[in-house]
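Below: sequence and its predicted model.
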Amino acid sequence: MIFRKLAIATVLLASGVALAGCGNTIRGMGKDTANAVDATQAAGRDVDNAAK
């Protein structure tokens, strides 16, 4: 019985750590995507200004 509770606690702890890591990765991907969009828009403005 104690082994089963210990196993469940271990699985829950490992799951929590894994989910916390995923949250940081997803947040980082969102920032990278936003930066890519900003850079693309800036490049578009530069091309537009150069064409004028």
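Sure, I can see it. Computed from a predicted model, the values in this text were never measured in an experiment.

For the residue nearest to the spatial centre of the chain, give its distance to residue 19.
Nearest to the mean C-alpha position of the chain, counting by CA atoms, centre = their mean, stands residue 26 at 1.6 Å. Taking CB to CB, to the nearest Å as the criterion, residue 26 is separated from residue 19 by 10 Å. Placement of C-beta: from N, CA and C, glycine included.

what's the answer for residue 7, then?
Taking CB to CB, one finds residue 7 at 19 Å from residue 19.

Equivalent analysis for residue 30, please.
16 Å.

Could you do residue 42 as well?
Taking CB to CB, one finds residue 42 at 35 Å from residue 19.

same deal with residue 5?
On the measure of CB to CB, residue 5 and residue 19 end up 21 Å apart.

on that earlier part again, pLDDT at the residue nearest to the centre of the chain, what is it?
On pLDDT, residue 26 comes in at 81.

what packs against the helix or strand harbouring it?
Assignment of secondary structure by DSSP states H and E places residue 26 within helix 2-51. For helix 2-51, there is no helix or strand it packs on, judged by 3 or more CB pairs under 8 Å, 6 or more residues apart in numbering; DSSP states H and E.

Low-confidence ranges, this structure, go.
For the chain, no stretch is flagged by pLDDT under 70.

let's see it at 90
1-7, 15-30, 48, 51-52 (pLDDT under 90).
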